[in-house]
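**Q** Here is my input, please return the structure:
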Amino acid sequence: MNPNILTTGMRCTLSDGSLVEVRSVLPDHVHVRVRYLDTLDNPEIRNGEEREVPFEELIAEYMGTHAEGLT
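**A** Got it, this is the predicted structure:
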């Protein structure tokens, strides 16, 4: 996803299937700070945990029952 269209609070899916909420786009415009909402039972990540991920990991905006790709 293009980091220029990401907004705080936007919910997105990651390439591993996790559901996250965008917290901020970092000044380098390469990484995004996200909060995990659903990790699909990944034992390495807790729900609610915040991490910095490359924007390429965000594959789609989550829109309820479906996801809309914005690549």
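
**Q** For Ser24, give the beta-bridge partners.
**A** Note on Ser24: beta-bridge partners by DSSP bridges are Arg33.

**Q** Could you count how many residues lie near it?
**A** Residues near Ser24, counting by other Cβ atoms under 10 Å, number 14. C-beta here means a position set from N, CA and C on the backbone, and glycine is covered the same way.

**Q** Figure out the helix or strand that the residue of the chain positioned farthest from its centre lives in.
**A** What lies farthest from the middle of the chain is Pro43; by Cα atoms, centre = their mean that is 17.9 Å. Under the criterion DSSP states H and E, no helix or strand holds Pro43.

**Q** How about the contacts made by it?
**A** Pro43 makes no contacts at all, as judged by Cβ atoms under 8 Å, 6 or more residues apart in numbering.

**Q** now Val20
**A** Arg11, Cys12, Thr13, Leu14, Val34, Arg35, Tyr36, Leu37, Val53, Leu58.

**Q** what's near enough to touch Val25?
**A** Contacts of Val25 by Cβ under 8 Å, 6+ apart are Pro3, Leu6, His31, Val32, Arg33, Phe55.

**Q** how about 7 Å then?
**A** Counting by Cβ atoms under 7 Å, 6 or more residues apart in numbering, Val25 makes contact with Pro3, Leu6, Val32.

**Q** out of those, which one sits closest to Met63?
**A** Nearest to Met63 among these is Leu6, at 14.5 Å by Cβ to Cβ.
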